[in-house]
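[1] Could you look at this predicted model? Sequence included:
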Amino acid sequence: MERFGRYVLLEPIAVGGTAEVFRAAALGSAGFHKTLAIKRVLPHLAADPEFVRMLVEAAHIASALQHPNIL
């Protein structure tokens, strides 16, 4: 298992042209954990400032979405 910040990457789900997606867990105290998906940008794109800018902009837009089916 690989650590990625405060998360543990459990298994790969998919890899595409810009990123890879993992099933991951956020670990807490007393054995608490929450399963989630982590999308990690491929290294060659993480070094591209324009790509990072577009990614952050998309994240801001996604964070504003509100719907009962979006958690």
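    Yes, it's here.

[2] Give me the pLDDT for Gln19.
    For the record, residue 19 is Ala, not Gln. On pLDDT, Ala19 comes in at 92.

[3] and it, how far is that from Ser29?
    30 Å (C-beta to C-beta, to the nearest Å). C-beta here means a position set from N, CA and C on the backbone, and glycine is covered the same way.

[4] Any buried residues in the helix of greatest length in the chain, and which?
    For the chain, the helix that runs over the most residues, judged by DSSP state H, is helix 49-63. For helix 49-63, burial by neighbour count (16 or more other C-beta atoms under 10 Å) applies to Leu55.

[5] Please state the mean pLDDT value computed over that helix.
    For helix 49-63, the per-residue pLDDT averages 91.

[6] How far does that helix sit from its chain's centre?
    Here helix 49-63 is found 13 Å from its chain centre; the criterion is C-alpha atoms, centre = their mean, to the nearest Å.

[7] cool, stretch 52-68 as well?
    Counting by C-alpha atoms, centre = their mean, stretch 52-68 is centred 12 Å from the centre of its parent chain.

[8] go on, stretch 19-39?
    For stretch 19-39, the distance to the chain centre is 9 Å (C-alpha atoms, centre = their mean).
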